[in-house]
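**Student:** predicted model and sequence below, questions to follow.
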Amino acid sequence: MPVPAALRVQKRRQALRAAGLRPVQIWVPDTRIPNFAAECRRQSLQAARVDGEDPGLIKAVDQLLEDIEGWTS
């Protein structure tokens, strides 16, 4: 007789907790909504515009990234 799904999930969660893990819920954008692509484009264009208005921004970011061990640009 197959084990009910709820019992399998419970066992799996118990095993993960026993391994020192905890559940985390993450909310992400719904890519199925009608205006998702348009909103991505709008935000991308806005970010590019802001980057273009501040020529020192990329240099500043690159300098900050130098502090991160193992980072290469």
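**Tutor:** Noted; the coordinates are in hand. Residues are numbered from 1 along each chain as shown.
**Student:** residue nearest the middle of this structure, spatially speaking?
**Tutor:** Val28 (7.9 Å; C-alpha atoms, centre = their mean).
**Student:** the strands in the chain, which residues?
**Tutor:** With DSSP state E, there are no strands along the chain.
**Student:** which helix runs longest in it?
**Tutor:** helix 36-53 (DSSP state H).
**Student:** still on that earlier bit, got the phi and psi for the residue nearest to the centre of the chain?
**Tutor:** phi -120, psi 160 (degrees, to the nearest 10).
**Student:** for this protein, which segments count as helices?
**Tutor:** Using DSSP H, helices in the chain cover 5-18, 36-53, 56-65.
**Student:** so can I have CSV of those showing mean neighbour count?
**Tutor:** Any C-beta I mention is one placed from the backbone N, CA and C, and that applies to glycine too. Output for the helices of the chain, formatted as CSV (neighbours: other C-beta atoms under 10 Å):
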stretch, mean neighbour count
helix 5-18, 10
helix 36-53, 10
helix 56-65, 10
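**Student:** any idea which of these has the lowest pLDDT on average?
**Tutor:** Lowest mean pLDDT within these: helix 56-65, a mean of 84.
**Student:** what's that one packed up against?
**Tutor:** helix 36-53 (3 or more C-beta pairs under 8 Å, 6 or more residues apart in numbering; DSSP states H and E).
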